[in-house]
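Novice: Structure here, sequence nowhere to be found:
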Ligand code: SAH
């Protein structure tokens, strides 16, 4: 009787474990299917050609960066809420902003607006050193934990006002701004290396435009990419820049 009982417990335990394992494996496979479809339909079919960017977008698990209640929607074609009134950008926007920066391993990148940490992870897959600044303490801390849990050791997250950049680590080969100011912050322009590129959504006359700035022989060249909608870049007192 004792042996039957013990065997029964072992069998039930094994069944429960295999059930858990199956559902985890199924989830992973489902997310991977959705991620590949996202890259094909939302990113490749819309003209993103950089193979490194496509590879990384297929690899980074976007669902790990959104709150549990939003995971099922992680691969949809739009921004998602990450709490504190902030959003993780639409996958296509992450891809195009990354592509225009022409990144490689040796580049040092600064991101303004860490948010969930997803864009920082995409950058960390492509470059050896990533610096990211988040204004809101709760988001910055959570992004730091997420990035650490996923094994990214080449991203440093600072909590503070990104308008000022990160002078201690300047100059940067690339700067990516994921919140929208009404003008290009002068400190960020000053921290851009010769030959460096900055991508930034600038709000002018109530419309936001994604702009690419390139520093060539000390001069800044400006190219408009496309209209976008980002959350505003805020000061520490909550007012808009
Ligand atoms: N890149 C993020 C999405 C960012 S949403 C991601 O991949 O998830 C924009 C973020 O910019 C928000 O988290 C917001 O809190 C932050 N932000 C707004 N003003 C800022 C400022 N002055 N400095 C740094 N971060 C700022």
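Specialist: Cool, the structure landed. Predicted model only: the values in this text are computed from it and were never measured.
Novice: any idea of the mean pLDDT in stretch 142-161?
Specialist: The pLDDT scores in stretch 142-161 average 98.
Novice: need the longest strand for this protein.
Specialist: For the chain, the strand with the greatest residue count under DSSP state E is strand 192-204.
Novice: what's that one packed up against?
Specialist: strand 172-177, helix 186-190, strand 207-216 (3 or more Cβ pairs under 8 Å, 6 or more residues apart in numbering; DSSP states H and E). The C-beta positions use only the backbone N, C-alpha and C, and glycine is treated the same way.
Novice: Now mean pLDDT too, for those, in a markdown table please.
Specialist: Listed next are the helices and strands packed on strand 192-204 as a markdown table, based on pLDDT from 0 to 100:
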| stretch | mean pLDDT |
| --- | --- |
| strand 172-177 | 98 |
| helix 186-190 | 98 |
| strand 207-216 | 97 |
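Novice: Burial-wise, tell me which of those comes out on top.
Specialist: For those, the largest average neighbour count (mean count of other Cβ atoms under 10 Å) is found in strand 172-177, namely a mean of 25.
Novice: Which residue ranges of the chain form helices?
Specialist: For the chain, the helices defined by DSSP state H cover 2-38, 51-59, 91-99, 118-126, 137-149, 186-190.
Novice: what's the fifth one in contact with?
Specialist: Contact with helix 137-149 is made by 64-65, 82-84, 86, 114-117, 120-121, 124, 132, 134, 155, 157-159, as judged by Cβ atoms under 8 Å, 6 or more residues apart in numbering.
Novice: is the ligand contacted by it?
Specialist: Yes: using Cβ under 6 Å from any ligand atom, a contact is recorded between helix 137-149 and the ligand, made by residue 139.
Novice: now the shortest one
Specialist: No: remark: helix 186-190 sits outside contact range of the ligand, by Cβ under 6 Å from any ligand atom, the gap being at least 10.5 Å.
Novice: Show me the subset of the contacts of helix 137-149 that also lies near the ligand.
Specialist: 86, 115, 116, 134.
Novice: Turn those residues into CSV, columns for neighbour count and pLDDT.
Specialist: Formatted as CSV, these follow (neighbours: other Cβ atoms under 10 Å; pLDDT from 0 to 100):
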residue, neighbour count, pLDDT
86, 20, 94
115, 26, 97
116, 26, 97
134, 29, 98
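Novice: Can you tell me which of these is nearest residue 35?
Specialist: Proximity of those to residue 35 (Cβ to Cβ) peaks at residue 116, which lies at 15.7 Å.
Novice: on that earlier part again, what angle sits between the longest strand of the chain and strand 207-216?
Specialist: Interaxial angle, strand 192-204 versus strand 207-216 (axes from the mean of the first three to the mean of the last three Cα atoms, to 10 degrees): 160 degrees.
Novice: How far off centre is strand 192-204?
Specialist: 17 Å (Cα atoms, centre = their mean, to the nearest Å).
Novice: With stretch 117-124 instead?
Specialist: Worked out by Cα atoms, centre = their mean, stretch 117-124 lies 4 Å from the chain centre.
Novice: what does it rub up against?
Specialist: Against stretch 117-124 from outside (Cβ under 8 Å, 6+ apart): 53, 56-57, 60, 62, 65, 88-89, 94, 97-98, 103, 109, 111, 114, 130, 132, 142-144, 146-147, 150, 152, 154-155, 157, 176, 178.
Novice: list the buried ones in it?
Specialist: The neighbour-count check on stretch 117-124 (16 or more other Cβ atoms under 10 Å) flags 117, 118, 119, 120, 121, 122, 123, 124 as buried.
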